[in-house]
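Undergrad: Need the 3D shape of this:
(one chain, ligands or ions: 1)
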Amino acid sequence: MTDWSDPDALDCSDETTFDALLDRADTREKGHYFEFFAEGDELTHDPGLRLSRHGSEQWMGQTLNHDPAYWRSDTARERGFDGVPVHPDYLLACVMGITVEDLSEKGGYFLGRTDVEFHRPARPGTELAVTSRVVDTRTSSSRPAYGIVTWATEGRDRETGETLVSYERTNMIPRREPAATDGSGSMADGEADPEAPDIPDTLLTPDGGHFEDFRDALERAREEQAAVAYRHERGRTMDDQLVAGLPLATLNTARQHHNRDEMADSPSGDIVAYGDVTRSIALAHARSDEATYRERRFEDERFHSFVTLGDTIYGFTRVLDCDADDGPEEAGAVTFEHVAFNQDSTPVYSGRRTALVQRSQ
Ligand SMILES: CC(C)(COP(=O)(O)OP(=O)(O)OC[C@H]1O[C@@H](n2cnc3c(N)ncnc32)[C@H](O)[C@@H]1OP(=O)(O)O)[C@@H](O)C(=O)NCCC(=O)NCCSC(=O)C[C@H](O)C(=O)O
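TA: Model (predicted):
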């Protein structure tokens, strides 16, 4: 009888033997299929992550978010922060990154997110505690290999228990049965929109980036039956650091971002950018044209199409509303719709954002 504890009993350098060995071995699975999730389930995410200044600066530098309040203590103080906080996009990505192993590692595409609220600024050094509740589960009518799951997630300061950020997100999650259909060609061809586009004749651009500039532009637009909408000049091409490096730095284990072998057979055919990286780049383009004071909340964030290595992300912004009474003396609230689009002008992300924007001096 062969002694299988003998290291020499198997010749792993022989390809045929090794193939046979792999065929016989079970895979210890990571992540959960759709069937695992039931409405009302509560999950406590185990991975630990300490927000760091380095991590925040790496995220901001790579995504072109250069607001000095998140880099320099003098501007942070002027803006009412108690020390230099981590950037809200980095905070959000870290909180979501920690949840991926439990919620979406199985290969579920991130479809959208809403009700993103920043409850308080987060400092470097904060250790996170993250929990999620299953809000909704349903099978996908257009893609039988998938289900669609929505979770409500809360990221807290592990020491004080204070909530830092909360949101609801929705992913497409592979079904165990028929799990093997991922990439089998169930992807529907894009259908042409039968309705002609209904867009205003005139698109106005604000004169500057302060609250009054947005308010005045909206007033002009109302008089002229126009909209306030404009493009941002910067673009950012997706490289390895963005696609694989940043999600891994936030403990995001989704194979979509770092396993080309697995992704070759998936609907995208290749690794794809983490939605939060794509979004953060588009928001950085928008923020570079505005005097942001504070981030408030995000609603109706949607990821429309895949972003792969080599794609370039541009930004388009529409100004929806201004509220002079909402906010401190230094700032007023502006609500925007931001769209990220690629080199072929295909929208890849859209979302509604309310931020406090500095008033003119
Ligand atoms: C994934 C897609 C290829 C799907 O495209 P398509 O088949 O054309 O369908 P739809 O996009 O119309 O939607 C499919 C079903 O999903 C429902 N849906 C879509 N968006 C939402 C939403 N925000 N909330 C709730 N439900 C939504 C639709 O109603 C459809 O339902 P049904 O008719 O019953 O089937 C395409 O959407 C796509 O390419 N999206 C981009 C995906 C992406 O690139 N995401 C970011 C990268 S992946 C990521 O970041 C993973 C992350 O790390 C993580 O772990 O979450």
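
Undergrad: Give me the neighbour count for Glu29.
TA: 10 (other Cβ atoms under 10 Å). Where you see a C-beta, it was placed from the backbone N, CA and C, and this is true even at glycine.

Undergrad: Just the CA trace of the helix-or-strand element of the chain with minimal mean pLDDT, in CSV.
TA: Ranking every helix and strand in the chain by mean pLDDT, DSSP states H and E puts helix 15-24 at the bottom, with a mean of 81. The C-alpha coordinates for helix 15-24 follow below in CSV (Å, rounded to 0.1, in the frame of the first residue of the first chain):
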residue,chain,number,x,y,z
GLU,A,15,2.2,17.3,-15.1
THR,A,16,-0.2,14.4,-15.7
THR,A,17,0.0,13.3,-12.1
PHE,A,18,-0.5,16.8,-10.9
ASP,A,19,-3.5,17.3,-13.2
ALA,A,20,-5.1,14.1,-11.8
LEU,A,21,-4.4,15.4,-8.3
LEU,A,22,-6.0,18.7,-8.9
ASP,A,23,-9.0,17.0,-10.5
ARG,A,24,-9.6,14.9,-7.4
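
Undergrad: list the buried ones in the very next helix or strand once past it?
TA: With elements assigned by DSSP states H and E, the helix or strand that comes after helix 15-24 is strand 42-45. Buried residues in strand 42-45, counted by 16 or more other Cβ atoms under 10 Å: Leu43, His45.

Undergrad: and strand 42-45, which strands flank it?
TA: Paired neighbours of strand 42-45 in the sheet (DSSP bridges): strand 128-139 (antiparallel).

Undergrad: quick one, the helix or strand following the partner strand and strand 128-139 angle?
TA: Counting by DSSP H and E, the next helix or strand C-terminal to strand 128-139 is strand 146-157. Put simply, strand 146-157 runs at 160 degrees to strand 128-139, going by axes from the mean of the first three to the mean of the last three Cα atoms, to 10 degrees.

Undergrad: rewinding a little: how about residues contacting the least confident helix or strand of the chain?
TA: Contacts to helix 15-24, defined as Cβ atoms under 8 Å, 6 or more residues apart in numbering, come from residues Leu10, Asp11, Cys12.

Undergrad: now it: how far from the chain's centre is it?
TA: Computed by Cα atoms, centre = their mean, to the nearest Å, the chain-centroid distance of helix 15-24 equals 39 Å.

Undergrad: re the thing from before, and the contacts of helix 15-24, which are buried?
TA: Buried among the contacts of helix 15-24 (16+ other Cβ under 10 Å): none of them.

Undergrad: Now distance to the ligand too, for those residues, in a markdown table please.
TA: Formatted as a markdown table, the contacts of helix 15-24 follow (distance: Cβ to the nearest ligand atom, whole Å):
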| residue | distance to the ligand |
| --- | --- |
| Leu10 | 36 |
| Asp11 | 39 |
| Cys12 | 34 |
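
Undergrad: from the residues you listed, which has minimum pLDDT?
TA: Across the contacts of helix 15-24, the bottom pLDDT score, 76, is held by Cys12.

Undergrad: Leaving aside the residues adjacent along the chain, what's closest to Pro200?
TA: Of all residues not flanking Pro200 in the chain, Ala227 sits nearest, at 4.5 Å (Cβ to Cβ, 6 or more residues apart in numbering).

Undergrad: just Glu39 next, same as before
TA: Of all residues not flanking Glu39 in the chain, Val134 sits nearest, at 5.5 Å (Cβ to Cβ, 6+ apart).

Undergrad: measure the one you found to the ligand for me?
TA: Per Cβ to the nearest ligand atom, to the nearest Å, Val134 is found 14 Å from the ligand.

Undergrad: tally of neighbours for that residue?
TA: If you count neighbours by other Cβ under 10 Å, Val134 ends up with 18.
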